[in-house]
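>>> Based on what follows, work out the 3D shape:
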Amino acid sequence: MAEVVKTLPETLAATTVVLDAAGWPGHRPGQHVDVRLTAEDGYQAQRSYSIASAPEAERLAITVERIDNGEVSPYLTTELEIGDQLELRGPIGGYFVWDPDDPGPVLLVAGGSGIVPLMSMVRHHAAISSDVSFRLLSSTRTLDDLLYRGELAALADGSLDVVQTLTRTAPEGWTGFTRRIDGELLAEVGWPASAAPAVFVCGPTPFVEAVAVALVGLGHAGDRVKTERFGPTAG
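The predicted structure is shown next:
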């Protein structure tokens with residue numbers, strides 16, 4: 001069990017839940033947990049959420065995007081109170097993780113809330129003062145949909161290159177990209193395949209599949225492109 005110690009609004013639809021997880025064994029950046037809720041009548045609902053916090057963080061954090069009419073996300077984002085207990089299982093997953101001993105540059109490609117597990121990698125990279133080149137390419141509908149916006153801006157001044165593209169509307173004076181991520185944009189923003197970057201792609205299934213195909217088309221080795229995807233659920 002884990003106790004809720006803080007909730008932080010990230011966007012109008014997303015909230016970070018900070019947990020005190022007694023006996024937590026530690027995690028690797030990119031892993032996730034299962035959260036199970038049990039109603040008074042015994043009904044249970046379980047959902048998987050990526051871990052947003054770095055392994056070095058004192059407390060565990062997940063970021064939840066609310067899905068209208070969902071079973072779990074509306075509760076976690078709007079009804080959860082400090083001191084509430086959540087049943088966790090994890091950490092889970094050993095494939096979609098960044099190994100700091102990998103000398104290659106790292107390209108993180110996020111679609112919407114797919115940035116969450118990538119943020120764990122970003123935070124770990126900063127916490128250990130890694131000299132591995134890190135670059136994040138994030139796609140959201142609007143700038144207001146970008147999770148961790150302030151923190152990313154601060155990190156972009158030092159240990160991280162941040163490239164943002166907006167697919168729906170852009171604020172006045174916007175100088176970033178305003179297009180969907182495709183092979184042309186990946187070639188412009190990312191490292192060439194000859195640099196053998198480690199690439200992590202996370203987002204909705206169609207987004208991940210399109211990006212992965214584009215990366216392979218640019219010559220990136222399949223075993224250097226790791227993907228994590230999510231599709232429609234009951235929330």
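>>> In which helix or strand does the residue sitting furthest away from the middle of the chain reside?
No residue in the chain sits farther from the centre than Asp41, which is 33.4 Å out by CA atoms, centre = their mean. Secondary structure from DSSP states H and E places Asp41 outside every helix and strand.
>>> Over to Val18?
Going by DSSP H and E, Val18 is part of strand 14-20.
>>> What lies in contact with that strand?
2-10, 52-53, 59-66, 76-78, 80, 86, 88, 113, 147 (CB atoms under 8 Å, 6 or more residues apart in numbering). The C-beta positions use only the backbone N, C-alpha and C, and glycine is treated the same way.
>>> What of stretch 27-37?
For stretch 27-37, contacts defined as CB under 8 Å, 6+ apart pick out 44-51, 54-55, 60, 62, 71-72, 75-76, 86-94, 96-98, 117-118, 120-121, 123-124, 200, 228.
>>> Narrow those to those in strands?
44-50, 60, 62, 86-92, 200, 228 (DSSP state E).
>>> Just the buried ones from the residues you listed?
Listed as buried from those are 47, 49-50, 60, 62, 86, 88, 90-91, 200, 228; burial here means 16 or more other CB atoms under 10 Å.
>>> so how far is Pro29 from Asp102?
12 Å (CB to CB, to the nearest Å).
>>> the more surrounded of the two?
Ranked by neighbour count (other CB atoms under 10 Å), Asp102 and Pro29 place Pro29 first, with 26 against 13.
>>> hang on, the earlier thing: just the buried ones from the contacts of strand 14-20?
Buried among the contacts of strand 14-20 by 16+ other CB under 10 Å: 2, 4-5, 7, 10, 52-53, 60-66, 76-77, 80, 86, 88, 113, 147.
>>> Just the ones of these in helices?
Among these, no member is found in helices (DSSP state H).
>>> Which parts of the protein are strands?
Under DSSP E, the chain gives strands at 2-9, 14-20, 32-38, 44-50, 60-65, 85-92, 106-111, 134-140, 161-166, 198-204, 225-230.
>>> Among these, single out whichever gets nearest to Trp191.
Shortest distance between Trp191 and those, using CB to CB, is found for strand 106-111: 6.3 Å.
>>> which other helices and strands contact the closest one?
Secondary-structure packing of strand 106-111 (3 or more CB pairs under 8 Å, 6 or more residues apart in numbering; DSSP states H and E): helix 115-127, strand 134-140, strand 198-204, helix 205-217.
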